[in-house]
Each structure stands twice: as structure tokens, then as C-alpha cells.
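# A structural model of the following input is requested.
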Amino acid sequence: MILALGTAPAFFTEVVALLVASALVAYVCHRLRIMPIVSFLVAGALIGPQALGLVRDQALIEAAAEIGVMLLLFTIGIELSLGRLARIRRLVFVGGGIQVISTLLVVAGLLGLAGVGWQAGLYTGFLVALSSTALVTKLLMDRRETDSERGRASVGILIFQDLAVVAMVLLVPMLGGEGGPSWGLAWALAKAVGIVVLVLLAARRVMPRVLEAVARTCSQEIFLLTVVAICFGTAWLTSLAGVSLSLGAFLAGLVVSESRFSEMAIGEIMPLQILFSATFFVSVGLLLDLRFLIARPLLILAAVGGVLAIKVLTTGASLKLLGYAAGTAASTGLVLAQIGEFSFVLERAGSSVGLFPGGLEEGGPQVFIASTVVLMMATPFLARLGARLRGGVGASPSGEGLGPEGGTDAAMPLRDHVVIAGYGEAGRLLAPALEARGIPYLILTLSPAGAREAEGGSLRVLRGNYTRRHELTKGGVRTARLLVVADDDPETTRRVASAARALNPDLLVVARTRFGSEVPALRAAGATTVVAEDRESVVRLLAEVLAAYEVDAQTIARQQEALRSAGGPGGDVASGLMATTVRLTPRQRRSERCAHAGRTGAVRPSAPGCEECLRLGDDWVHLRLCMTCGHVGCCDESKNRHATGHHGATGHPIVRSLEPGEDWAWCYADETML
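You can find the predicted model right below:
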């Protein structure tokens with residue numbers, strides 16, 4: 001569809017109003033120290049059809065909100081992982097079951113005493129029993145409590161509630177007198193369980209290989225598209241069996257958690273998750289009728305107080321029966337005391353068959369909506385109150401206070417350490433030197449081959465894109481003493497330095513550059529020290545790191561000499577290659593895409609670096625080896641491109657990478673990668 005100049009799609013005005021209002025209200029609430037979730041709910045109430053009327057297309061907003069809930073549950077699934085989920089299975093099925101069933105009985109019983117029919121009472125119990133998965137998981141993530149004792153208890157009960165939605169959706173028409181045979185419910189539940197099992201089986205057998213293959217492309221675009229496709233595809237597949245899209249997305253996250261690239265997946269999808277999750281909370285605020293809230297405040301407060309008391313008591317009792325401490329049980333009850341987003345789905349399903357919250361046809365739906373929004377707004381404050389009940393355990397932003405089943409990512413316990421961003425030549429020489437000195441460090445790398453090489457040497461590695469705040473945070477940049485940016489690309493180096501400086505203003509940032517003109521830009525981006533990329537650059541990097549840890553000058557000098565004797569860029573490390581025989585792998589030699597690979601044999605590198613550059617006294621970026629004669633030349637990213645020049649002069653078809661950890665080859669003649 002081609003739009004005329006000066007026109008915009010009908011929905012665009014409402015989208016702009018939603019984003020602008022959300023940003024403004026969120027900023028004001030931030031200055032008032034109010035949590036972002038509350039600000040989004042307030043923004044939705046202000047711009048909704050019952051207030052300013054800036055947004056009226058509820059269907060559009062609900063579609064974006066559904067995506068937000070899916071992405072949020074997807075990231076929670078990755079962080080929780082199958083192993084951790086297995087450890088809380090008793091909490092899910094026993095604790096969650098007790099909480100849901102006891103809430104249904106209490107609500108239906110109280111309404112029955114008030115003269116409400118059992119069908120409407122049980123239906124209202126459905127609405128009250130569910131908590132907000134999106135709100136609670138977002139809150140736990142922001143407070144870094146996902147793997148705390150309270151976090152695991154909350155997530156376990158939420159998982160059972162999401163599973164229970166499948167049965168509730170099927171039972172609502174029956175309560176309204178329009179249901180089908182009872183065997184239909186059993187069949188739907190059997191399908192749901194079957195597809196969940198199939199998805200989890202695929203987690204261990206298929207997904208790690210898929211993500212490994214995609215990660216080898218080193219393309220952020222392809223990796224992001226693959227991760228989103230996994231999330232949405234799994235959610236769609238599970239929806240065919242009647243399971244909610246959000247629960248399907250959660251299962252997709254569990255699938256991805258089995259891969260070594262799970263943290264990288266979270267880092268790539270996090271910006272999308274933040275945007276669409278904000279849309280969800282705005283969409284809830286849109287439902288609130290402010291005039292009804294102002295007209296009947298006592299009725300709303302009574303409903304809020306009743307729901308709060310019931311949810312705290314039933315949730316706390318279920319956890320106490322499982323042996324949890326009273327403080328943890330009460331604290332979890334406060335976190336789960338709101339009404340959930342899936343209750344809106346049930347409310348709409350009930351109204352279509354003549355069921356209304358509390359049995360009240362007049363005003364019942366608005367009491368339900370208003371009390372739900374108020375409880376959601378109160379949840380951050382209830383969470384703080386719950387943390388005080390537990391003595392603040394698990395509320396620390398540093399992630400302390402983990403429960404006995406806890407445990408954190410291998411990167412998290414590090415403090416006062418060195419973060420090495422990139423595992424190229426500098427990283428390969430620097431990490432072992434730090435290991436020898438007992439200086440704590442962590443390698444962040446996007447390269448699957450580099451990560452495998454480092455892990456093979458028992459080095460500490462986190463796979464991910466170190467230009468992202470998420471990966472830098474997981475790498476402990478907030479608590480690190482020093483960051484070494486060992487990337488070849490100046491733009492990437494600037495982005496890493498800027499992101500790290502924003503996370504930790506006191507961090508020492510040491511960067512490398514090939515161009516003197518880049519030094520001012522790198523310093524402006526946040527680099528403390530900039531080291532020129534020459535033969536002495538790694539030696540100087542080591543000196544900077546050791547000096548930051550107050551190592552004496554004589555020891556630093558000895559370490560520098562030891563590093564020089566082990567080889568620097570283009571030095572003795574490359575010389576060691578001259579004594580090594582190199583050949584293509586059997587798979588490469590059998591490639592059907594290349595007619596020349598099968599004719600190659602073993603060759604020995606002719607020089608410790610690019611032959612021509614060594615004669616000229618010039619520098620190079622990467623080295624390539626001719627698989628016909630053993631000529632060593634520089635790559636096309638180098639200014640002289642001697643490897644390609646050698647092919648042009650000799651016609652030798654195949655070169656192989658001489659970079660550590662890389663075994664790929666390229667055929668100039670057939671223009672194909674081997």
C-alpha cells in the first residue's frame with residue numbers, strides 16, 4: 001500500500017500517543033522514585049477511552065501486549081532453565097495446586113454465603129486465583145530475584161496457574177450452561193501435556209545444534225531472527241493444543257536455555273522485550289474507567305482488600321505446607337496478591353455466556369477491572385513490604401541472598417576482576433597471563449570457535465555480544481576493576497567502552513586501536529587508556545592490567561619479557577606455525593561445492609607472518625595460508641590484501657585461515673566457503 005505524501009496509517013496516531021505518553025509519564029514517575037510498571041499503568045489510564053481518549057483501538061494494543069507477554073516469559077524461561085525447573089517441580093504441582101484450589105474454594109464459599117450461585121462463585125474464583133505472570137516476572141527480573149527463594153516460589157506457582165488456565169478456559173462455558181461433554185476437557189488436557197513433553201524433548205536434542213550453527217555465522221541479524229522465530233514458532237505450536245501463547249513462549253525459553261548461547265539470546269531479544277512488555281502494562285491501564293473508580297472508591301477498596309487477604313493467605317499457606325519459612329511464605333503471598341492478565345481472557349469468556357464477577361451483572365466487570373489495576377499498581381510496594389518481612393533477603397541488587405537451590409551464572413560471583421571483551425590474539429595471550437598471576441578475569445566473546453578454544457584451555461568464558469548491556473552486566477562489569485576491549489573494529493570498541501562506562505563510571509577501560517586518529521573518539525566514549533595496536537600492544541595491555549592490581553614494577557617487567565618470549569602479534573607465536581603442517585579437514589576435502597579441495601595436500605607456512613608485509617616492514621590484520629604452496633599473506637581487511645594478490649599472480653585457488661581457533665577455507669575459483 002502506497003501512502004500519499006503527508007498522510008499516515010490510521011493506527012499510527014494512537015501508536016505515537018501511546019509511546020510519547022508512556023515515555024513522559026515514565027520519566028515523571030522515575031523522578032518521583034515510582035517503579036516503571038506503575039508508570040505504564042498510569043499512562044494507559046490517562047490516554048485510554050475513559051479519560052483523554054487518545055487511544056481507542058484496543059485490539060491493536062492488545063496484539064502488541066500479547067507479544068510483550070510472550071517475550072517476557074521467553075526470557076524468564078531462558079533464565080530458569082530445565083535443570084532449575086526440575087528442582088522446583090514439587091513447588092509447581094503441589095504448591096501451585098494447593099494455592100489455586102484453596103483460592104477457588106474460599107472465594108466460592110464466601111460468595112455462596114452472600115447468596116451468589118455456585119457457578120458464578122467458582123467463576124469468580126478462577127479470576128481471583130490467577131496472578132500476573134508478566135508483572136511478577138518483570139518485577140523479579142528488575143530486582144534480580146528470579147533465582148532467589150522467593151523468586152523460585154513465585155515462578156513455580158505462576159507456572160501451575162498458567163497450566164490451570166487451559167482447564168479454566170474450557171470450564172467457563174460449562175459453568176455458563178453452554179459446555180460440551182466432559183471427555184472434551186480430558187482430551188484437551190492430554191493434548192496440552194503431550195505437546196509440552198514434545199517441546200521439552202526437542203530442547204536437549206535439537207536446539208543446541210541449531211543455535212550453534214546460527215552463532216557460527218557471527219551475524220546478529222540472523223541470530224536475532226532465529227531466536228524470535230523459536231519463541232513465536234513454539235508458542236504457536238503449543239497454542240494448537242490449547243496452551244496459552246505465553247506458556248508456549250516460556251517453554252521456548254526453556255528450550256533455548258539448553259544451549260551455550262542462552263545469554264546471547266537474552267541480550268539480543270531484550271530491547272524488543274522491554275518495548276512490548278511496556279505496551280502490555282499500558283494496555284491494562286487502558287481498561288480502567290477513572291470515572292467509575294472516583295464514583296465508587298469504597299466498593300473498589302473493599303474488593304481490593306478482599307482479594308489481597310485471600311491471595312496472601314492461600315499462597316502463604318500453600319508454601320508453609322511445603323516447609324517454607326513464614327517470612328518467605330508471607331513475602332511470596334504479597335508478591336502474588338494481584339489478579340493476573342489471563343483473568344481478563346476469562347472475564348471476556350464468562351461475559352459471553354452470562355457469567356459476571358461476583359455475580360454482579362451491573363458494575364461487576366468494572367469492579368473487577370478497577371481492583372485488578374489498583375492491585376497491579378500496588379504490587380511493587382507490596383514486594384518491598386515482603387522483602388522487609390524476610391529481613392531484606394533476596395532484595396539486594398547485587399543478587400545476594402540466593403536460596404539453597406540457587407546458584408548463579410558462572411560469571412556472577414566475580415568481583416574486582418578483569419573483563420576481556422573479545423578473544424582474538426590479544427585475548428589469547430592476556431588471559432593465560434592473568435591466570436598465571438591469579439588475577440580474576442572473564443572472557444566475553446561472540447565467536448563460537450574462540451569460546452570453544454578458551455573453554456578447552458579451562459579459561460573462564462561467557463558467550464555473547466559484548467556491545468550489549470545485558471552481556472556486560474552478566475560479565476560483572478558493575479563490580480569489575482578493569483575492562484580490556486580487545487576488538488579489532490574501532491566502532492565496536494567505542495560502543496563497548498560507552499556501554500561499560502554507563503554501567504560502571506569508576507571502571508578502568510583499556511582499549512586497542514590500529515589508528516591514531518581513533519584515540520580522541522575512544523577517550524570520549526569512555527576509554528581510560530588507549531594502546532596502539534602494534535607488536536608491543538599486548539605487552540603494554542598486560543602492563544596496564546598488572547599496574548591496576550598494584551603489582552610491583554620488577555614483576556611487571558618479568559611478565560612482559562615472558563610474554564615477549566612467548567610471542568606477540570606477528571612474532572614468535574606465528575613463528576611456531578612454520579613448524580606445523582596444515583591441511584584441509586576431511587569434510588572440506590569432500591565438499592561438492594568446490595572442485596579444487598580434493599587436490600590439496602599438506603603444506604607448511606612459508607613465513608611467521610605475511611611474507612610481503614614482513615619485507616616491507618608493514619602491518620596486517622589477519623593471515624591466510626595458500627593451500628597449494630604454503631604462501632602466507634594478509635587478508636582483504638588488511639590494506640595490502642597480499643593473499644588475494646598471490647591468488648591473482650599464481651592462480652592457486654584455495655586459502656585457509658591461519659587465525660587461532662579458525663579452520664575455514666575459501667576457494668577463489670569457485671567462490672565458496674569450505
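# quick one: the helices in the stretch 301-450 of the chain?
326-335, 342-351, 364-389, 425-437, 448-456 (DSSP state H, counting those that start in this stretch).
# single out the most deeply packed of the ones you listed.
For those, ranked by mean neighbour count under the definition mean count of other Cβ atoms under 10 Å, the leader is helix 326-335 at a mean of 24. Glycine gets a C-beta too; all of them are placed from N, C-alpha and C.
# now that one and helix 364-389, what's the angle there?
With axes from the mean of the first three to the mean of the last three Cα atoms, to 10 degrees defining the directions, helix 326-335 sits at 150 degrees from helix 364-389.
# which one of the helices of the stretch 301-450 of the chain lies nearest to residue 126?
Residue 126 lies closest to helix 342-351 among these, at 5.4 Å (Cβ to Cβ).
# tell me where the stretch 401-550 of the chain has strands.
Using DSSP state E, counting those that start in this stretch, the strands of the stretch 401-550 of the chain run over 418-421, 441-445, 461-463, 482-485, 508-513, 529-532.
# what is the mean pLDDT for the second one?
Along strand 441-445, the predicted local confidence has a mean pLDDT of 86.
# between it and helix 425-437, how many degrees?
160 degrees.
# ok, residues contacting strand 441-445?
411, 414, 417-423, 427, 431, 434-435, 451, 454, 459-464, 466, 471-472, 475-476 (Cβ atoms under 8 Å, 6 or more residues apart in numbering).
# where does pLDDT dip in the stretch 351-500 of the chain?
For the stretch 351-500 of the chain, the stretches with pLDDT under 70 are 390-413, 488.
# got a pLDDT number for residue 166?
We have a pLDDT of 67 for residue 166.
# quick one: buried residues of stretch 221-228?
By 16 or more other Cβ atoms under 10 Å, the buried positions in stretch 221-228 come out as 223-224, 226-228.
# helices along the stretch 501-650 of the chain, start to end?
Using DSSP H, counting those that start in this stretch, helices in the stretch 501-650 of the chain cover 519-525, 537-548, 553-566, 572-577, 586-589, 611-616, 642-650.
# mean pLDDT lowest where, among these?
Minimum mean pLDDT among the helices of the stretch 501-650 of the chain: helix 572-577, a mean of 42.
# circling back to that earlier point, distance to residue 301 added to the helices of the stretch 301-450 of the chain, as CSV?
As requested, the helices of the stretch 301-450 of the chain are exported to CSV (distance: least, Cβ to Cβ, whole Å):
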stretch, distance to residue 301
helix 326-335, 17
helix 342-351, 19
helix 364-389, 8
helix 425-437, 60
helix 448-456, 55
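# those: which one's closest to residue 46?
helix 364-389 (12.3 Å).
# OK, contacts around residue 126?
104, 168, 171-172, 343, 346.
# how about these, which pair is most distant?
171 and 343 (14.1 Å).
# run through the stretch 201-350 of the chain and note the low-pLDDT ranges.
Scanning the stretch 201-350 of the chain for pLDDT under 70 picks out 202-204, 216, 218, 241-244, 258, 263.
# could you rerun that using 80?
201-221, 223-224, 237-248, 250-251, 254-255, 257-281, 283-289, 341-342, 344-345, 348-349 (pLDDT under 80).
# how far away is residue 289 from residue 614?
As judged by Cβ to Cβ, to the nearest Å, residue 289 and residue 614 stand 78 Å apart.
# residue contacts, residue 142?
Residues in contact with residue 142, defined by Cβ under 8 Å, 6+ apart, are 35-36.
# tilt between whichever helix in the chain runs longest and helix 342-351?
Ranked by number of residues, the top helix in the chain under DSSP state H is helix 58-87. Computed with the same axes, to 10 degrees, the direction of helix 58-87 lies at 120 degrees from that of helix 342-351.
# what is the rounded mean pLDDT of helix 58-87?
73.
# what is it packed up against?
Packing partners of helix 58-87 (3 or more Cβ pairs under 8 Å, 6 or more residues apart in numbering; DSSP states H and E): helix 12-31, helix 133-142, helix 149-175, helix 182-205, helix 220-239, helix 245-257, helix 262-286.
# more neighbours, residue 289 and residue 614?
residue 289 (18 against 15; other Cβ atoms under 10 Å).
# and the nearest residue to that one once chain neighbours are set aside, how far from residue 492?
Nearest residue to residue 289, sequence neighbours excluded (Cβ to Cβ, 6 or more residues apart in numbering): residue 50, at 4.3 Å. For residue 50, the distance to residue 492 equals 48 Å [Cβ to Cβ].
# just residue 654 next, same as before
When residue 654 is compared with residue 492 (using Cβ to Cβ), they lie 30 Å apart.
# report pLDDT for residue 149.
Residue 149 carries a pLDDT value of 82.
# does it touch residue 328 like I think?
Yes - if you go by Cβ atoms under 8 Å, residue 149 and residue 328 touch, sitting 5.5 Å apart.
# roughly how far does residue 547 sit from residue 525?
22 Å.
# which positions in stretch 513-533 come out as buried?
Neighbour counts using 16+ other Cβ under 10 Å place 513, 518, 521-522, 525-531, 533 of stretch 513-533 among the buried residues.
# and it, how far out from the chain middle?
30 Å (Cα atoms, centre = their mean, to the nearest Å).
# repeat for stretch 446-458
That offset, for stretch 446-458, works out to 21 Å (Cα atoms, centre = their mean).
# just the buried residues out of the contacts of strand 441-445, in PyMOL syntax.
Here is the PyMOL selection string for the buried members of the contacts of strand 441-445, based on 16+ other Cβ under 10 Å:
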select buried, resi 411+414+417+418+419+420+421+422+423+427+431+434+451+454+459+460+461+462+463+464+466+471+472+475+476
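# re earlier: settle it for me: which of residue 654 and residue 492 has more neighbours?
More crowded of residue 654 and residue 492, by other Cβ under 10 Å: residue 654, with 25 against 17.
# how many other residues sit next to the closest residue to that one other than its chain neighbours?
In this structure, residue 654 finds its nearest non-sequential neighbour in residue 627, 4.4 Å apart by Cβ to Cβ, 6+ apart. For residue 627, the neighbour count with other Cβ under 10 Å is 27.
# who's in contact with residue 627?
582-584, 600, 603, 652, 654-656, 665.
# redo the residues you listed as a markdown table? Include pLDDT and distance to residue 132.
Listed next are the contacts of residue 627 as a markdown table, based on pLDDT from 0 to 100; distance: Cβ to Cβ, whole Å:
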| residue | pLDDT | distance to residue 132 |
| --- | --- | --- |
| 582 | 82 | 59 |
| 583 | 83 | 59 |
| 584 | 86 | 56 |
| 600 | 83 | 61 |
| 603 | 85 | 63 |
| 652 | 91 | 65 |
| 654 | 92 | 59 |
| 655 | 92 | 57 |
| 656 | 91 | 55 |
| 665 | 89 | 54 |
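# export the residues you listed to CSV and tack on distance to residue 373?
Output for the contacts of residue 627, formatted as CSV (distance: Cβ to Cβ, whole Å):
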residue, distance to residue 373
582, 67
583, 68
584, 65
600, 69
603, 71
652, 71
654, 66
655, 64
656, 63
665, 61
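# contact partners for residue 501?
Contact analysis of residue 501 by Cβ under 8 Å, 6+ apart lists 507, 509, 525-526.
# for the chain, which residue occupies the most central location?
residue 266 (2.0 Å; Cα atoms, centre = their mean).
# hang on, that residue packs against residue 77?
No - if you go by Cβ under 8 Å, residue 266 and residue 77 don't touch, sitting 10.2 Å apart.
# what's the end-to-end length of stretch 614-633?
10 Å (Cα to Cα, to the nearest Å).
# off-centre distance for that stretch?
That offset, for stretch 614-633, works out to 41 Å (Cα atoms, centre = their mean).
# pretty sure residue 439 sits against residue 547.
No - taking contacts as Cβ under 8 Å, residue 439 lies outside contact range of residue 547: 11.7 Å.
# which one of the two has more residues nearby?
Between residue 439 and residue 547, counted using other Cβ under 10 Å, residue 439 has the larger neighbour count: 18 against 15.
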